[in-house]
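Chemist: Provided below for reference: sequence and predicted model.
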Amino acid sequence: MKVAPSLLSADFAALGAELAAIEAAGADWAHLDVMDGHFVPNITFGPPVIAKLRPRSKLFFDAHLMIRHPERYIGDFVKAGADLITVHAEACDHLHRVLGQIREAGVKAGVALNPHTPVSVLAHVLDMVDLVLIMTVNPGFGGQRFIDACLPKVRQARAMLAEAGLADRVEIQVDGGVDPHTAPRCVEAGATVLVAGTAVFGKDDYAAAIAALRGQPSA
Ligand code: DX5
Ligand code: ZN
């Protein structure tokens, strides 16, 4: 299981140092939350910030685009150094086309589903995705409460991928309210990548926080 700390909860005035700190603390991926103030009621950062962070870290850059019309910016995020680009199914009029665009640009493609969106929307694009992101909060802010009703969707996504013979290749990510209490439930349901903002950056000891998400006692 991979842990992807979300820089949304980091000190934005010290992003480079925060990124280095999670890398040293044992993070697997860096989760980059991009918000446009339209699709979600908050604004964060975009390609120029990611491009400046890129040379500071060897971590896999997992860009979670909470933006409308993501097709306009795929090239910019690839150039900035994203390794995987996740778009929201709800934000794409042409999800199939956008996923093709991301893969043609040479990076991995993910689809995120808001809490109300059924897993069945993935049925006809499954072979085009490298990651399915099951949101366990309504996107926009860190520090929200985990929505239990989203857990069955993790199981459904796992079953759907298994049936398609894709379970070994496609990651299932959960994002929102993931902490040492909810993490094991997500993993049991089939999650392979845990995103955590508050549960990492809200702690003084990032290594202990990441270990706790893995279910390991802190050293
Ligand atoms: C929510 C973002 C998350 C957020 C998670 O809109 O997509 O990645 O940072 O924060 P926590 O872990 O605090 O719920
Ligand atoms: Zn996110």
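Modeler: Arrived safely. Numbers count the residues shown, from 1 in each chain. Ligands and ions are numbered 1, 2, ... in the order given.
Chemist: any weak-confidence spans in this structure?
Modeler: Residues of the chain that meet the criterion pLDDT under 70 lie in 218-219.
Chemist: can we see that at 90?
Modeler: 217-219 (pLDDT under 90).
Chemist: contact partners for the closest residue to ligand 2 within the chain?
Modeler: The chain approaches ligand 2 most closely through H64 (3.8 Å), counting by Cβ to the ion. In short, each C-beta sits where N, CA and C put it, glycine included. Applying Cβ atoms under 8 Å, 6 or more residues apart in numbering, we find H64 in contact with S6, H31, L32, D33, V34, T86, G110, A112, L133, D175, V195.
Chemist: likewise for G197?
Modeler: G197 touches P5, S6, L7, L8, S9, H31, D33, G142, G143, counting by Cβ under 8 Å, 6+ apart.
Chemist: now render the residues you listed as CSV, adding distance to ligand 2 and secondary structure.
Modeler: Formatted as CSV, the contacts of G197 follow (distance: Cβ to the ion, whole Å; DSSP: H, G, I helix; E, B strand; the rest coil):
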residue, distance to ligand 2, secondary structure
P5, 11, strand
S6, 5, strand
L7, 10, helix
L8, 7, helix
S9, 10, helix
H31, 6, strand
D33, 4, strand
G142, 9, coil
G143, 13, coil
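Chemist: filter those by proximity to ligand 1?
Modeler: S6, L8, S9, H31, D33, G142, G143 (Cβ under 6 Å from any ligand atom).
Chemist: can I get the residues you listed in a markdown table with neighbour count and distance to D127?
Modeler: Shown next, in a markdown table, are these (neighbours: other Cβ atoms under 10 Å; distance: Cβ to Cβ, whole Å):
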| residue | neighbour count | distance to D127 |
| --- | --- | --- |
| S6 | 25 | 28 |
| L8 | 24 | 30 |
| S9 | 19 | 34 |
| H31 | 29 | 24 |
| D33 | 24 | 27 |
| G142 | 20 | 33 |
| G143 | 13 | 36 |
